[in-house]
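Colleague: Mind folding the following:
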Amino acid sequence: MGIRIEKVDLPGIGVRHDLVTEAGRRISVVSHRDGERDLGVFDIDDPDACRDSVALNDDEAAALADVLGASVMLSRLTSLSDETAGLYTEQIALPTDSPYLNATLGDTKARTRTHASIVAIVRDGAVIPSPTPSESLRAGDVIVVVGTREGLDGVSRLLANGPD
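Modeller: Numbers count the residues shown, from 1 in each chain. As a prediction, this is how the structure comes out:
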């Protein structure tokens, strides 16, 4: 089933975009003319009745978009690796005694040293997709890596022990 998004003009208010899920649930985002936005969840028994509405400021809307986008990206990476022989995705916890703790991602030179790519960092329940070389590595980070089995093992060793 394709994704269906409906646009409804709300005179004097703004515009509402409705997403209808595969299960028939309706979720909407109302974008007000003044820039405010609301996330609405509609009643399962009456798809025209909004069950609950949550006002979102700019930062909250951006954070929600980031979380949803990053989780989709990780799901797609995982399914891509399932379909591609020899390509793997792995989540590697940054060791608490890593020589790269509080260093930047660029300091690891992981891609050059291992031929595997760090595609995301999971930190405090949030995902940082496509981290830049200037991103600091922190205690508790989980590093998402894509590459060959040998490359993933190399990143794991590198994060634990530093360069060979």
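Colleague: so who does residue 19 touch?
Modeller: Each residue near residue 19 by C-beta atoms under 8 Å, 6 or more residues apart in numbering is listed here: 3, 4, 5, 26, 27, 28. C-beta: built from backbone N, CA, C; applies to glycine.
Colleague: Sort out for me which of these are in helices.
Modeller: Among these, no member falls in helices (criterion: DSSP state H).
Colleague: ChimeraX command for the buried members of those?
Modeller: Of the contacts of residue 19, the buried ones can be selected in ChimeraX as follows, counting by 16 or more other C-beta atoms under 10 Å:
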select :26,28
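Colleague: Export the contacts of residue 19 to CSV and append columns for pLDDT.
Modeller: Output for those, formatted as CSV (pLDDT from 0 to 100):
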residue, pLDDT
3, 69
4, 71
5, 77
26, 85
27, 87
28, 88
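Colleague: Next step: the contacts of residue 19 restricted to strands.
Modeller: Assignment to strands by DSSP state E places the following of the contacts of residue 19 there: 4, 5, 26, 27, 28.
Colleague: Output those residues in JSON lines, with distance to residue 92 appended to each entry.
Modeller: Shown next, in JSON lines, are the ones in strands among the contacts of residue 19 (distance: C-beta to C-beta, whole Å):
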{"residue": "4", "distance to residue 92": "38"}
{"residue": "5", "distance to residue 92": "36"}
{"residue": "26", "distance to residue 92": "39"}
{"residue": "27", "distance to residue 92": "34"}
{"residue": "28", "distance to residue 92": "38"}
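Colleague: which one of those sits closest to residue 12?
Modeller: residue 28 (17.2 Å; C-beta to C-beta).
Colleague: Thought residue 18 was touching that closest one, still the case?
Modeller: Yes. Counting by C-beta atoms under 8 Å, residue 28 touches residue 18, with 4.6 Å between them.
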